[in-house]
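*Asks:* Predicted model follows, preceded by the sequence.
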Amino acid sequence: MINFDEEIPIYLQIMDFIKKEVVKGKLKGGDKLPSVRELAEMLKVNPNTVQKAYQELEREGITYTLRGIGSFVTQDGKKIEELKKKMAEDVLERFCKDMRDLGFSDEDIIALLQGYLKEVK
Amino acid sequence: MEILKISNLYKDYGKKLTLKNINLSFNLGEIVGLYGPNGSGKTTFLKIVAGLLKPSKGKVLVDGKEVGVYSKSIISYLPDRNIFPLWMKIKDTYKFYRDFFDFDDKKFKNLLDFFSLKEDLSLKALSKGDMEKLLLSLSLSRKAKIYLLDEPLSGIDPSTRDKIITSILKNYHEESLMIIATHLINEIETIADRTIFLYQGEIALDENTEKIREQKKISINELFKSMF
């Protein structure tokens, strides 16, 4: 399900995984997340680590918790849009940085990206 | 809530000092990875907490009480090797464990099913891996406050290790402390929220696992290799 990179805190990777599911629309506003225990067993990680990921997701406003019932994806469409934008920016930032490190100019980057997109459609 | 406190613990076998000045405190809800090279004192440490060995010096308090009848009643210990005579069948072994009032028959049957072990099998017929699965099933079927698992993954192939880790997580509960001693760090490091390194009988590291990743940007396995 997730191939963990053990050099990065696991809770960050769990947060990232859930955010991606939200951005992809696999988890929709109002959907219930698996319980901490269920997800811990599924991912084979410590329940406290899942708990921490859930806490941080709530702090970022991506989920909300109903006491005794569980965690749910926010119903705030604007928040989900924001998240989409943020995740796209992160990918673009990495991509552009790598390309610039390789010595490509911004014009080159755009041309190469267009060519690549045409090729793979 | 503190469930286990070790202060100023020493253990020597004759001239050889196996544990030196160990000071540790553990809370309910923790899963602890206890790592160290062979001979670093992991098994000795667990045996002292389990009440199977006496410390040479120092104090062990289990739920506020010294090691004895009460501590043994709330500690489930998985030894690093088989403790049953080989003429026994699986169903005989759990008759022993049923003497522990916290033994849960149903849980045990579920675990046997999960590991595809049949009650009528004789211990002689078990492979090393199956023996480990049986011993682990027995240990996890107690509703204990402290679980001490000594090398639960040794001699077990990678696909079965996954099953064992799942069974540990399934049976872990928040009102318990679990200490897992192993040298197979990368198998355990995602389920242990606390990491302790034991080296030549001393605590070389004791830290929250995620904090290590956060600060050192390194896996526990790599950190271990870099230190010893």
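*Replies:* Thanks, I have it.

*Asks:* Identify the residue spatially nearest to the closest residue to chain A within chain B, adjacent ones excluded.
*Replies:* Nearest to chain A in chain B, going by C-beta to the nearest C-beta, is B:Ser219, at a distance of 3.5 Å. The way it works is simple: take the backbone N, C-alpha and C, and place the C-beta from them, glycine included. Nearest in space to B:Ser219, with sequence neighbours left out and distances taken as C-beta to C-beta, 6 or more residues apart in numbering or on different chains, is A:Glu6 at 3.5 Å.

*Asks:* The one you found and B:Ile191 touch, don't they?
*Replies:* No. With contacts counted by C-beta atoms under 8 Å, A:Glu6 stays clear of B:Ile191, the gap being 11.9 Å.

*Asks:* The two: which has the busier surroundings?
*Replies:* Under the neighbour definition other C-beta atoms under 10 Å in any protein chain shown, A:Glu6 and B:Ile191 were set side by side, and B:Ile191 has more, 25 against 18.

*Asks:* quick one, what contacts that one?
*Replies:* Counting by C-beta atoms under 8 Å, 6 or more residues apart in numbering or on different chains, B:Ile191 touches A:44-46, B:31, B:33, B:165, B:168-169.

*Asks:* Closest one to B:Thr93 out of those, please.
*Replies:* Taking C-beta to C-beta as the measure, B:Thr93 lies nearest B:Ile168 of the contacts of B:Ile191, at 19.4 Å.

*Asks:* helix or strand for the residue nearest to the spatial centre of chain B, which one?
*Replies:* Note on chain B: the residue nearest the mean C-alpha position is B:Leu149, at 1.6 Å, using C-alpha atoms, centre = their mean. Taking DSSP states H and E as the definition, one finds B:Leu149 inside strand B:146-150.

*Asks:* Nearest residue to B:Lys143 in space, please, no chain neighbours.
*Replies:* Nearest to B:Lys143 is B:Asp102, by C-beta to C-beta, 6+ apart, at 4.4 Å.

*Asks:* Do I have it right that the one you found meets B:Ser139?
*Replies:* No. Counting by C-beta under 8 Å, B:Asp102 stays clear of B:Ser139, with 11.6 Å between them.

*Asks:* Neighbour count: the two, which is higher?
*Replies:* Higher neighbour count among B:Asp102 and B:Ser139: B:Ser139, with 22 against 13, using other C-beta under 10 Å.

*Asks:* and the more buried one, what does it touch?
*Replies:* Contacts of B:Ser139 (C-beta under 8 Å, 6+ apart): B:76-78, B:147, B:149.

*Asks:* thought A:Gln75 was touching A:Gly30?
*Replies:* Yes. Counting by C-beta under 8 Å, A:Gly30 is a contact partner of A:Gln75 at 5.1 Å.

*Asks:* Regarding the residue of chain A found nearest chain B, what is its secondary structure?
*Replies:* Residue of chain A nearest chain B, by C-beta to the nearest C-beta: A:Glu6 (3.5 Å). Classification of A:Glu6 using DSSP: H, G, I helix; E, B strand; the rest coil returns coil.

*Asks:* Quick check: the gap between it and B:Pro158.
*Replies:* 16 Å (C-beta to C-beta, to the nearest Å).

*Asks:* quick one on the thing from earlier: would you list the buried entries among the contacts of B:Ile191?
*Replies:* When those are checked for burial by 16 or more other C-beta atoms under 10 Å in any protein chain shown, the buried set is A:44-46, B:31, B:33, B:165, B:168-169.

*Asks:* can you confirm B:Met178 is in a helix?
*Replies:* No. According to three-state DSSP, B:Met178 belongs to no helix; its state is strand.

*Asks:* Can you show me the strands along chain A?
*Replies:* A:63-66, A:70-73 (DSSP state E).

*Asks:* Can I get the contacts of B:Ser139 in TSV including pLDDT and distance to A:Leu57?
*Replies:* Formatted as TSV, the contacts of B:Ser139 follow (pLDDT from 0 to 100; distance: C-beta to C-beta, whole Å):
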residue	pLDDT	distance to A:Leu57
B:Ser76	95	34
B:Tyr77	95	38
B:Leu78	94	35
B:Tyr147	97	30
B:Leu149	96	31
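
*Asks:* out of those residues, which one sits closest to A:Gly68?
*Replies:* Distance to A:Gly68, by C-beta to C-beta, is smallest for B:Tyr147 among the contacts of B:Ser139, at 27.4 Å.

*Asks:* show me the contacts for that closest one.
*Replies:* So B:Tyr147 contacts B:75-78, B:139-140, B:172, B:176-179 (C-beta under 8 Å, 6+ apart).

*Asks:* ok, now with 10 Å
*Replies:* Applying C-beta atoms under 10 Å, 6 or more residues apart in numbering or on different chains to B:Tyr147 gives the contacts B:31, B:75-78, B:136, B:139-140, B:168, B:171-173, B:176-180.

*Asks:* Restricted to strands, list the residues you listed.
*Replies:* Those of the contacts of B:Tyr147 lying in strands (DSSP E): B:31, B:75-78, B:177-180.

*Asks:* Against chain A, which of these make the cut? List them.
*Replies:* Among those, proximity to chain A is found for B:31, B:178 (C-beta under 10 Å from any C-beta of the partner chain).

*Asks:* filter the ones in strands among the contacts of B:Tyr147 to the buried ones?
*Replies:* Among those, those scoring as buried are B:31, B:75-78, B:177-180 (criterion: 16+ other C-beta under 10 Å).

*Asks:* Could you report the pLDDT at A:Ile2?
*Replies:* Listed pLDDT for A:Ile2 reads 82.
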